[in-house]
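# need coordinates for the below:
(chains A and B)
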Amino acid sequence: MKKIPLSLCPMEKRVRVRFAPSPTGGLHMGGVRTALFNYLFAKRHGGDFILRIEDTDQTRFVEGAEEYIVAALKWCGIAPNEGVGFGDGPHKPYRQSERKELGIYQKYADQLILSGHAYYAFDTEEELETMRKKLEAAKVVAPQYNAVTRQNMRNSLTLPEDEVKKLLESGAKKVVRLKVPRNEEIRFEDIIRGWVVVNSSQVDDKVLLKSDGMPTYHLAHIVDDIEMKISHAVRGEEWLPSAPAHILIYRYLGLESEMPKLAHLPLILNPDGKGKISKRESRFPVFPLSWKDPREAEPFIGYKEAGYYPEAFVNILALLGWNPGNNQELFTVDEMAQIFDFERVNKSGAKFDPEKAKWFNQQYLRKKADQELADVFKPVLKEKGFERDNAFILEFCKLVKEKVQFVHEFWDQGKYVFIAPESYDEKVITKKWNEKSKETFGKVTEKFKSLNDWTIEAITKTFHDAEAETGKIDMQLLRVLTTGVAGGPQLFDMLALIGKDETIKRLDRALGKL
RNA sequence: GGCCCGUUCGUCUAGGGGUUAGGACGCGUCCCUUUCACGGACGAAACACGGGUUCGAUUCCCGUACGGGCUACCA
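Numbers count the residues shown, from 1 in each chain, chains lettered A, B, ... in the order given. Now for the predicted structure:
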């Protein structure tokens, strides 16, 4: 019996999803994938994709992070249709710091206090620390502010009413905490994971409103998701443990029926080593674009700078956790958006494989028009000190493209076209060069010299003609004599590009040296 | 430590009560190729372990192990 995918059930709500990063640094590939899945889901259902900036922690704000997030989404081709950097919609503003001015967080917090589901806590940092130490000393395994410990703390539940009033009026530092029941089963259905059950004894009295008046993530995202009519909350697995608290908040607000459906994505893991992917892992980039963190001396290189095409980057990211259900691996974003569904998103974390990422890029590079590659290579060539006309560069790119995974490899693969060899691959020479070789290649050179029509066909024919006289000639030797190295692009094609005079010059020089 | 989530080739994954457990990357061999690639063929390579349930479990259930996440007035 196949059940109907939860995410496809007929819904009263229009699909509206959001990507809601905090501007605390560069957006890494894990975040990009979360954004991607949101984007794909929205497109699939003709819904809205919103970018909301969760900047409720002023102490962690990083200069440039927000702009980076916007730029990264644009580069990846998964631009939201509403939100910071992408145009206002009916639910502006889209920065929580600005939304705070609307008074909405306070309003919902007040509602919770009024209904007895939240309370004021006046404890100082030191008092909290003391509490934790005491609990640890008493061998309490998970020290937390909860139904038990709150009884010994300074809050509106334990303090006399008039004292609370006095504290409130005097503007004493306070937070608003969620009053989590002591022992109650909380269950919720995750689109990807199915039913998850947690006992409320495992949930602490989460701070809802901080002492600086800002909401925490827990309150803010719920208020915003409700206000912005979000239908599905799609986020990383790291949020799973706090989801029960969120369920409680919706419930106490009387909004459980309007709650977005939850989808917790599996994490992207480090290929070696352990844990979530991190920017310290230097073997491959973790950022889409290069990221210069104001707190770091060196910028982190991005996939773009590493030579990846955004199509390739997004493609491999999508396949980290999602599967189309057939053997297709190469997808455009639009193609994915036709078929994406959370039903086909895995539960388990995926290690990122840098090798396969390269292969993906190679696939996309091969699909590129030669002229497009030529346009990219032209300035590179100029930088190396060589100028050629477009037709020449076009031919060169055609020749080299099948051999590389990145455009930046064009130079290394084909620089022999432009630079005469200084030395000759020793392995090939010692193995294949003999007394007869000099005579043989002398003959080849002579024949080349008499050639008027320096084309691939003519070169090939001439080589064959020479062989008719001398017997089989080792082509790799010809390669080494003219380019210096054992491998490279199609030899005769390359010689055609190198030109008659230069080819002969190189042969004469090699013959003189060997 | 506690809680939550997870576990199919090295990696990404398909599959799912009875299959020769499929594909892709990478690796190896061969073919094509007078060079280099591409391409093609083939190969090595996986159901973490132990108990159930069942005629039959890799698939369902329970444990164990392992991995990951969370455990802040951070998100």
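
# what sits closest to A:His246 if chain neighbours are left out?
The spatially closest residue to A:His246, leaving aside those adjacent along the chain, is A:Ile222, at 6.1 Å (Cβ to Cβ, 6 or more residues apart in numbering). For every residue, glycine as well, the C-beta is placed using N, CA and C.

# close to RNA strand B, is the helix or strand containing the one you found?
Assigned by DSSP states H and E, A:Ile222 falls within helix A:217-227. Yes - under the criterion of Cβ under 7 Å from any atom of the strand, RNA strand B is reached by helix A:217-227 at A:Tyr217, A:His218, A:His221.

# could you do stretch A:320-333 as well?
Yes - remark: stretch A:320-333 sits within contact range of RNA strand B at A:Leu320, A:Gly321, A:Asn323, A:Gly325, A:Asn327, A:Glu329, by Cβ under 7 Å from any atom of the strand.

# could you give the number of residues near the third one?
By other Cβ atoms under 10 Å, 13 other residues sit near A:Asn323.

# re the thing from before, buried subset of the residues of stretch A:320-333 next to RNA strand B as a ChimeraX selection?
Filtering the residues of stretch A:320-333 next to RNA strand B down to the buried ones (16 or more other Cβ atoms under 10 Å) takes a single ChimeraX command:
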select /A:320,321
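
# turn the residues of stretch A:320-333 next to RNA strand B into a markdown table, including secondary structure, pLDDT and distance to A:Gly487.
As requested, the residues of stretch A:320-333 next to RNA strand B are exported to a markdown table (DSSP: H, G, I helix; E, B strand; the rest coil; pLDDT from 0 to 100; distance: Cβ to Cβ, whole Å):
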| residue | secondary structure | pLDDT | distance to A:Gly487 |
| --- | --- | --- | --- |
| A:Leu320 | coil | 96 | 33 |
| A:Gly321 | coil | 95 | 37 |
| A:Asn323 | coil | 95 | 37 |
| A:Gly325 | coil | 90 | 40 |
| A:Asn327 | coil | 90 | 32 |
| A:Glu329 | coil | 95 | 28 |
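
# so where's chain A uncertain?
Applying pLDDT under 70 to chain A picks out residues A:1-12, A:273, A:281-282.

# ok so, going back, how close does the residue nearest to A:His246 get to A:Leu248?
10 Å (Cβ to Cβ, to the nearest Å).

# repeat for A:Arg187
Applying Cβ to Cβ, the value for A:Arg187 to A:Leu248 is 12 Å.

# one more: A:Glu311?
42 Å.

# now A:Gly31
27 Å.

# ok, which stretches of the stretch 401-514 of chain A are helices?
Ranges of helices within the stretch 401-514 of chain A are A:409-414, A:426-432, A:435-449, A:456-470, A:475-483, A:491-498, A:500-513, based on DSSP state H, counting those that start in this stretch.

# mind listing what A:Leu491 touches?
A:Met475, A:Leu478, A:Arg479, A:Thr482 (Cβ atoms under 8 Å, 6 or more residues apart in numbering).

# one more time with 10 Å
Going by Cβ atoms under 10 Å, 6 or more residues apart in numbering, A:Leu491 touches A:Ile456, A:Ile459, A:Thr460, A:Phe463, A:Met475, A:Gln476, A:Leu478, A:Arg479, A:Thr482, A:Thr483.

# same check on A:Pro324?
Counting by Cβ under 10 Å, 6+ apart, A:Pro324 touches A:Ala318, A:Phe331, A:Glu335, A:Met336, A:Gln338, A:Ile339, A:Phe340, A:Asp341, A:Arg344.

# mind putting these in CSV, secondary structure and neighbour count included?
Shown next, in CSV, are the contacts of A:Pro324 (DSSP: H, G, I helix; E, B strand; the rest coil; neighbours: other Cβ atoms under 10 Å):
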residue, secondary structure, neighbour count
A:Ala318, helix, 20
A:Phe331, coil, 19
A:Glu335, helix, 13
A:Met336, helix, 21
A:Gln338, helix, 12
A:Ile339, helix, 15
A:Phe340, coil, 25
A:Asp341, coil, 18
A:Arg344, helix, 14
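
# out of those residues, which one sits closest to RNA strand B?
Taking Cβ to the nearest atom of the strand as the measure, A:Arg344 is the one of these closest to RNA strand B, at 6.0 Å.
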